[in-house]
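Asks: just need the structure, nothing else, for what follows:
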Amino acid sequence: MRVVRATGFGGPELLVVGEAPDPVAGLGQVVVEVSVASMTFVETQIRQGVDRWHEPPRLPYVPGGLVAGLVIETGERVDPAWLGQRVVAGTGETGGFAERAVAEAEDLFTVPEGLGLPEAAALCSDGSTAQGLVERAGIRAGDRVLVEAAAGGVGTLLVQLCLTAGAQVIGAARGPAKVDLIRRLEADAAVDYSGSGWTAEVLEATGGLGPTVVFDGVGGRIGRAAFEVTARGGRFSVHGASSGEVTGIDAAEARDRGVQVIGIEQLFEFRPQVRRWAAQIMAAAVGGSVRPVIGQTFPLERAADAHAVVENHTALGKTLLVI
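Replies: Below is the predicted model of the structure:
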């Protein structure tokens, strides 16, 4: 079968197409014939060798932690009813950029009728994360919500979930194409944070009051600027650092302003709820209240190009490999 391997830590050109033996399902495992492989910004940081949150994989390795496709083989102690099922499957942190992938049976999610495999792949990880962030922050009607990186995979879903909850939503992103996407999602306001005055636009959109909730997926100076306009008594939820730096917030400063900081560590507590949140977001998509934004797809042999657009922040919505 064809696979893509990272042959070193560095640029996307180190992702090389090759051949590998077909995998075999072991105890408690299945083999999935992959139709779609998902990817995240964190996976590009792992490939670069700059990620601080995960143990570096042994080289060479096959990237990709989430796939969607058909179960074609079951191992010992796996219910044979999984055979032929459409699933989204977690592969751990590696193994997804391949025509076939092994997954633990306990990491399978059945794709509901009415939802395509690309949409399911786009929703399962990013959607469960967005659902968890909204639940953890306690979004309610009347909240004024600022979503950073609002044109990304998680961000587009945060915008939609918060709107559905009855909140006012201000989406922020870099560049006119991303701002236009935020407007198409029907956010109440869309701002471009490549300019110096973007926080003034946020304040204007909230009647000078500032957001009661911020979803910080960028960090660095963008995250810091967003914290400074957060309303007194608000919530500041951190879930990413695409700038390369987690937002620095002094605990005493947050306490003085009455701002509850929900740190990036919250993500490590999400795992027990992922199955429930994934089911919720997929059901919402089938029902039409949310839709995943799949901005670009690439064939397996162009995995390097897919990583490049995610890494350089030019991607809109979710980026997928279609195999």
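
Asks: for the residue lying closest to Thr206 once chain neighbours are set aside, give me its contacts.
Replies: Nearest residue to Thr206 in three dimensions, chain neighbours excluded: Arg144, at 4.8 Å (C-beta to C-beta, 6 or more residues apart in numbering). Where C-beta positions appear, they are placed from N, C-alpha and C, glycine not excepted. With contact set as C-beta atoms under 8 Å, 6 or more residues apart in numbering, Arg144 has these partners: 167-168, 170, 206, 209-213, 231.

Asks: mind giving me the PyMOL select for those residues, buried ones only?
Replies: Buried members of these, identified by 16 or more other C-beta atoms under 10 Å, are gathered into one PyMOL selection as follows:
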select buried, resi 167+168+170+206+210+211+212+213+231
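
Asks: where's Ile106 relative to Phe270, distance?
Replies: I think there's a mix-up here, since residue 106 is Glu and not Ile. The gap separating Glu106 from Phe270 is 16 Å, by C-beta to C-beta, to the nearest Å.

Asks: off-centre distance for whichever helix or strand Ala225 is part of?
Replies: With elements taken from DSSP states H and E, the one containing Ala225 is helix 220-228. The offset between the C-alpha centroid of helix 220-228 and the centroid of the whole chain comes to 20 Å, using C-alpha atoms, centre = their mean, to the nearest Å.

Asks: following that helix, which helix or strand comes up?
Replies: According to DSSP H and E, the helix or strand after helix 220-228 is strand 235-238.

Asks: so what secondary structure elements neighbour that next one?
Replies: helix 117-137, strand 213-216, helix 220-228, strand 260-262 (3 or more C-beta pairs under 8 Å, 6 or more residues apart in numbering; DSSP states H and E).

Asks: just name the most buried of these.
Replies: Mean neighbours per residue, mean count of other C-beta atoms under 10 Å, is largest over the helices and strands packed on strand 235-238 for strand 213-216, with a mean of 30.

Asks: okay, that one in CSV with CA atoms only?
Replies: These are the backbone C-alpha positions of strand 213-216, laid out as CSV (Å, rounded to 0.1, in the frame of the first residue of the first chain):
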residue,chain,number,x,y,z
VAL,A,213,-15.9,35.1,26.5
VAL,A,214,-12.7,34.8,24.4
PHE,A,215,-11.7,31.6,22.7
ASP,A,216,-7.9,31.9,22.3
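
Asks: burial measure for Val274, as a count.
Replies: Each residue near Val274 was counted by other C-beta atoms under 10 Å, and the total is 18.

Asks: excluding sequence neighbours, find me the nearest residue to it.
Replies: The spatially closest residue to Val274, leaving aside those adjacent along the chain, is Ser128, at 4.9 Å (C-beta to C-beta, 6+ apart).

Asks: pLDDT at that neighbour, what is it?
Replies: The predicted structure scores Ser128 at 94 on the pLDDT scale.

Asks: okay, Glu106 and Phe270: which has more neighbours?
Replies: Counted by other C-beta under 10 Å, Glu106 and Phe270 do not tie: Phe270 has more neighbours, with 17 against 10.

Asks: my guess is that one contacts Ala130, does it?
Replies: No: because the distance of 10.9 Å does not satisfy C-beta atoms under 8 Å, Phe270 is recorded as not touching Ala130.

Asks: skipping adjacent residues, who's closest to Gly166 in space?
Replies: Counting by C-beta to C-beta, 6+ apart, Gly166 lies nearest to Ala141, which is 3.1 Å off, once chain neighbours are set aside.

Asks: can you get me a residue count around the one you found?
Replies: Applying other C-beta under 10 Å, we find 8 other residues in the vicinity of Ala141.

Asks: can you tell me the element it falls in?
Replies: When elements are assigned from DSSP H and E, Ala141 belongs to no helix and no strand.

Asks: ditto for the one 4 residues further on
Replies: When elements are assigned from DSSP H and E, Val145 belongs to strand 144-147.

Asks: thought Ser128 was touching Phe270?
Replies: Yes: contact status for Ser128 versus Phe270: in contact at 7.5 Å, counting by C-beta under 8 Å.

Asks: joint contacts of the two?
Replies: Overlap of the contact sets of Ser128 and Phe270 (by C-beta under 8 Å, 6+ apart) consists of Trp277.

Asks: would you map the helices across the stretch 201-323 of the chain?
Replies: In the stretch 201-323 of the chain, the helices defined using DSSP state H, counting those that start in this stretch lie at 220-228, 251-257, 274-287, 303-311.
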